[in-house]
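1. What would the 3D arrangement of this be:
(chains A and B)
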Amino acid sequence: DGGITQSPKYLFRKEGQNVTLSCEQNLNHDAMYWYRQDPGQGLRLIYYSQIVNDFQKGDIAEGYSVSREKKESFPLTVTSAQKNPTAFYLCASSMSGEETQYFGPGTRLLVL
Amino acid sequence: GNSVTQMEGPVTLSEEAFLTINCTYTATGYPSLFWYVQYPGEGLQLLLKATKADDKGSNKGFEATYRKETTSFHLEKGSVQVSDSAVYFCALSNAGGTSYGKLTFGQGTILTVHP
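-> Numbers count the residues shown, from 1 in each chain, chains lettered A, B, ... in the order given. Next comes the predicted model:
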């Protein structure tokens, strides 16, 4: 079954700690995206990548970093510089030239 | 820039009632429009889409028509079920230029359907 997997489902971060959220897709999609969801605010774009080894900042990239070493994988690191990291994080992917994005099940990040 | 505005929620309906969730947008050019649905604790699923003016997207009894003259893409369903309880997001994609592939979302509308 093709799809997008995100892990873990829940993640806890301590003060000053960096944490990495995993996103893997086996849809052979070229583009991948990371969104942050806060209650009542919809989804906001953090980073996106159209091809391997290339990525661009979205609307709220500060305090986050990404890498795209493989087509299937687009991990997101929430750094200690992100002062309000508690949110639901969603990864998505799309085919090159297609506007429809397909979403993973999400990771909920909580601060201890 | 691009923006999407959805009607304020939450919306509470009885089973078999008629549903409308309003969505209006601001964008340059000719965006594609989407409705996504999010069930509790899950990611987003594409519900329907329309790529040009006067197109009607439909799926699972839901419909929305791309109205360029009113910059709207309202979601409707004739008879809702308890299983339709979810959060609904309107979104647009403005292909071309530097915004290619990016989705702009509305704030989401919570729908609760009671038996």
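
2. contacting residues for B:Thr85?
-> Check again: residue B:85 is Ser, not Thr. Contact analysis of B:Ser85 by CB atoms under 8 Å, 6 or more residues apart in numbering or on different chains lists B:Leu111, B:Thr112, B:Val113. For the C-beta atoms, the positions are set from N, CA and C on the backbone; glycine is no exception.

3. Most neighbours of all these, which one?
-> For those, the largest neighbour count, defined by other CB atoms under 10 Å in any protein chain shown, is 21 neighbours, found at B:Leu111.

4. which non-adjacent residue is nearest it?
-> What sits nearest to B:Leu111 in space, not counting adjacent residues and going by CB to CB, 6 or more residues apart in numbering or on different chains, is B:Val11, at 5.0 Å.

5. ok, that neighbour - contacts?
-> B:Leu19, B:Ile21, B:Thr109, B:Ile110, B:Leu111, B:Thr112.

6. And A:Ile46, by the same measure?
-> Counting by CB under 8 Å, 6+ apart, A:Ile46 touches A:Trp34, A:Tyr35, A:Arg36, A:Gly58, A:Asp59, A:Ile60, A:Ala61, A:Tyr64, A:Val66, A:Leu76, A:Tyr89.

7. if I look at the fifth one, how far off is chain B?
-> Which is A:Asp59. Look at A:Asp59 and chain B: by CB to the nearest CB, to the nearest Å, they are 9 Å apart.

8. related to what we said a few turns ago, so which of the contacts of B:Ser85 sit within strands?
-> Members of the contacts of B:Ser85 lying in strands (criterion: DSSP state E): B:Leu111, B:Thr112, B:Val113.

9. pretty sure the last one is touching B:Lys77, no?
-> Spelled out, it's B:Val113. No. Applying CB atoms under 8 Å as the test, B:Val113 and B:Lys77 come out as separate, 10.1 Å apart.

10. between these two, what contacts are shared?
-> With CB under 8 Å, 6+ apart as the test, B:Val113 and B:Lys77 both reach B:Asp84.
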